[in-house]
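Engineer: sequence and predicted model, in that order:
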Amino acid sequence: MIGEGGESVLTWADLERDARRFAARYRAIGIPRGAEILIFLRHVPELYGAFFGAVLSGFVPSFMPCSSPRQNPAIYWSSHQTLLERTEPSAIVAERATFAQMEGTGLRLGGAHRIVVEELAGAGSSFDPPPSEATALLQHSSGTTGLKKGVALSYDAILAQIDAYRRALAIESDDVIVSWLPLYHDMGLIACAVMPAFLGIPIVHIDPFFWVARPASLLDAIARYRGTLAWLPNFGFEHLARVAGRAAADFDLSHVRAFVNCSEPCKPATFDRFLAAFAASGVRDAQLQCCYAMAETVFAVTQTLPGAVPRRIRVAPDSVARGRRPVLVETGGLEMIETGAAIDGVTLAICDEARDALPDGTVGEIAIRAPFLFTHYNRDAARTAERLDGGTYFSRDVGFIRDGHLFVLGRIDDLIIVNGRNLYAHEVEACIGAIAGVKPGRCVVVGSFDERVGSETLIVICERDRTSDRGADDLIRDIVTAVHSVFEITPRRVHVVDEGWLIKTTSGKISRSENLARLMAESAAGQA
């Protein structure tokens, strides 16, 4: 139920009742155990029952996002066609209006059974969990739309993660978790739903759309419900400081044990701004913690120690290339903050391009061994073999270990993280390349960190087809609409340039770094 302030508050009895009703419905349609179920639900009471009813009955659920009011439904739902065709779910759970929107935009649901939430009726059934090594759920939080990777997690892996992470944060029965995070993201799903449900810890979950409209609702809920734990991506800290900091004296946040910065590179300057903004709320530096996490390890890999201030270092910017040892500097340079030590059961290694371990303190790819690794990417054996090698997961993240504590630098791949959302540049470029008037294959998308918002922002540079009669303003409008409709992100800047402007490498590929550098240089020259 949606309570005052927009938060969802359910009793454990409510959750069990709903989960049993969904379990009965799943059995009634005759799908086999292990069948995949996609859940397209907004912030409604049935959100949790649909998920846990599947998990506790041997079906494999996955939360999926619905379109927002700002998105073009036709573009948004058409972008899911590839995902549905590859996943071939046995059932889809959604509200009546969502199904109508899917069908109205031409989305083909194949042979999936349609479970309409408003039509759910009848008594519940007993649960029937499968063997612990079976797949419990799929996390589709990496990638976007049709190219999302379904990360398969076993019951054993989830329970091992919960046990290790509970000890890392010293979670007790009197903790209260407050969250606005969507459940289709691993941070919201595991830290703020599955873990507290397993441990019997109260959860106050605010509708994500409500939080976007009223960010201070999170702080209000923390104060009213005496919340002790909250997870946010880096941009969430920045957003709260910027839009709610002036009302800091209205909220008592002194009882919070940890605000955990996770899912984006943690920025020490962001913590500084948050502390300055909410000092009047009783926030202290030891309350601000960092975590390194990902869907492939269920969630957490490292965690800073609650009650202790995470350590910071400054390094020379030119010393953080792969294979080098970062050089510490007293002032200037690149300020970094640790993401903590490995939680129980995790073994970390820093590897070179050949996947050989590097000496301590050297920059390289972060490789992970743990009892809670994913088993495979759903229906993608090639990607599984490439990333999960001999029981070690190669993260494609770059970092280094200093005195047993991990410092994360960024991604090897062309992943761009905007406000906590993962975007692959080539996916966005493909979306833009389909717009009439854009020169096919002549578009580049890059991320550029903006200190003002505490996150990377999306920059688009594309060439206009000289044979088109469409103007730059028309193209910019269509690009913004398409990118937001598919990826739920609005580009910070869109630049339409003439054919031949974009720089290619010797192999014929468009260079993202060189084109960003050219754009910045021309912008600086224009302002001179």
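Structural biologist: In hand now; what should we look at?
Engineer: going by C-alpha atoms from here, please, whenever you check contacts or count neighbours.
Structural biologist: Will do.
Engineer: any idea which helix or strand carries Ile401?
Structural biologist: According to DSSP states H and E, Ile401 maps onto strand 392-402.
Engineer: neighbouring strands - and their directions - for that strand?
Structural biologist: Partners of strand 392-402 in the sheet, by DSSP bridges, are strand 364-369 (antiparallel), strand 388-389 (antiparallel), strand 405-411 (antiparallel).
Engineer: format those strands as TSV; extra columns: mean pLDDT.
Structural biologist: Formatted as TSV, those follow (pLDDT from 0 to 100):
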stretch	mean pLDDT
strand 364-369	97
strand 388-389	96
strand 405-411	91
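Engineer: now, of those, which is deepest in the fold?
Structural biologist: Burial of the strands paired with strand 392-402 is given as mean neighbour count (mean count of other C-alpha atoms under 10 Å); strand 364-369 ranks first at a mean of 24.
Engineer: show me how far stretch 441-453 is from its chain's centre.
Structural biologist: 18 Å (C-alpha atoms, centre = their mean, to the nearest Å).
Engineer: list the residues that contact Glu314.
Structural biologist: One thing to correct before we go on: residue 314 is Arg, not Glu. Contact analysis of Arg314 by C-alpha atoms under 8 Å, 6 or more residues apart in numbering lists Leu328, Val329, Glu330, Thr331, Gly332, Gly333, Leu334, Glu335, Met336.
Engineer: and for Tyr48?
Structural biologist: When the contact criterion is C-alpha under 8 Å, 6+ apart, the partners of Tyr48 are Leu15, Asp18, Ala19.
Engineer: same thing with Asn234?
Structural biologist: Asn261, Cys262, Ser263, Glu264, Pro265, Cys266, Lys267, Thr270, Asn419, Gly420, Gly454, Ser455.
Engineer: for Thr384, state which of these is nearest.
Structural biologist: The closest of the contacts of Asn234 to Thr384 turns out to be Ser263 (C-alpha to C-alpha; 21.6 Å).
Engineer: surely that closest one meets Val418?
Structural biologist: No. At 10.6 Å, Ser263 does not count as touching Val418 under the criterion of C-alpha atoms under 8 Å.
Engineer: average pLDDT across stretch 181-188?
Structural biologist: The predicted model assigns stretch 181-188 a mean pLDDT of 93.
Engineer: mind checking the end-to-end distance for it?
Structural biologist: Terminal residues of stretch 181-188 are spaced 5 Å apart (C-alpha to C-alpha, to the nearest Å).
Engineer: please enumerate residues in contact with that stretch?
Structural biologist: The contact list for stretch 181-188 (C-alpha under 8 Å, 6+ apart) reads 62-65, 139-141, 179-180, 189, 192-193, 205-208, 231-232, 262-263, 294-295, 298-299.
Engineer: need the next SSE after the helix or strand bottoming out on mean pLDDT in the chain, C-terminal direction.
Structural biologist: Counting by mean pLDDT, DSSP states H and E, the weakest-scoring helix or strand in the chain turns out to be strand 7-8, with a mean of 54. As assigned by DSSP H and E, the chain's next helix or strand after strand 7-8 is helix 12-28.
Engineer: from the contact counts, what lies against the helix or strand just after that next one?
Structural biologist: For helix 12-28, the following helix or strand on the C-terminal side (DSSP H and E) is strand 36-40. Counting contacts by 3 or more C-alpha pairs under 8 Å, 6 or more residues apart in numbering; DSSP states H and E, strand 36-40 is packed against helix 46-55, strand 60-63, strand 91-94.
Engineer: tell me the strands beside the second one, with direction?
Structural biologist: I take that to be strand 60-63. Under the criterion DSSP bridges, strand 60-63 sits next to strand 36-40 (parallel) in its sheet.
Engineer: contacts for the longest strand along the chain next, please.
Structural biologist: For the chain, the longest strand by residue count, based on DSSP state E, is strand 438-450. The contact list for strand 438-450 (C-alpha under 8 Å, 6+ apart) reads 416-418, 425-426, 428-429, 432-434, 455-466, 475, 499, 502, 510, 512-513, 515-516.
Engineer: name the residues of that strand that are buried.
Structural biologist: Val438, Lys439, Pro440, Arg442, Cys443, Val444, Val445, Val446, Gly447 (16 or more other C-alpha atoms under 10 Å).
Engineer: just stretch 347-363 next, same as before
Structural biologist: Of the residues in stretch 347-363, Leu348, Ala349, Ile350, Cys351, Asp352, Ala357, Leu358, Pro359, Gly361, Thr362, Val363 count as buried by neighbour count, 16+ other C-alpha under 10 Å.
Engineer: equivalent analysis for stretch 205-224, please.
Structural biologist: Here stretch 205-224 shows 205-211, 215-223 as buried, counting by 16+ other C-alpha under 10 Å.
Engineer: confidence-wise, which of the contacts of Tyr48 comes last?
Structural biologist: pLDDT is lowest at Leu15 among the contacts of Tyr48; the value there is 91.
Engineer: the residue nearest to that residue when sequence neighbours are not counted - how many residues pack around it?
Structural biologist: The shortest distance from Leu15 to any non-neighbouring residue, by C-alpha to C-alpha, 6 or more residues apart in numbering, is to Gly49 (5.7 Å). When neighbours are defined as other C-alpha atoms under 10 Å, Gly49 has 20 of them.
Engineer: if I pick Gly49, what's in contact with it?
Structural biologist: Leu15, Glu16, Arg17, Asp18, Ala19, Arg20, Arg21, Phe22.
Engineer: show the buried residues in these.
Structural biologist: Among these, those buried by neighbour count (16+ other C-alpha under 10 Å) are Leu15, Glu16, Arg17, Asp18, Ala19, Arg20, Arg21, Phe22.
Engineer: returning to that earlier point: got the strands paired with strand 392-402 as CSV, with distance to Ala35 columns?
Structural biologist: Listed next are those as CSV, based on distance: least, C-alpha to C-alpha, whole Å:
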stretch, distance to Ala35
strand 364-369, 28
strand 388-389, 24
strand 405-411, 33
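Engineer: of those strands, which is nearest Ser254?
Structural biologist: Among the strands paired with strand 392-402, the nearest to Ser254 by C-alpha to C-alpha is strand 405-411 (27.0 Å).
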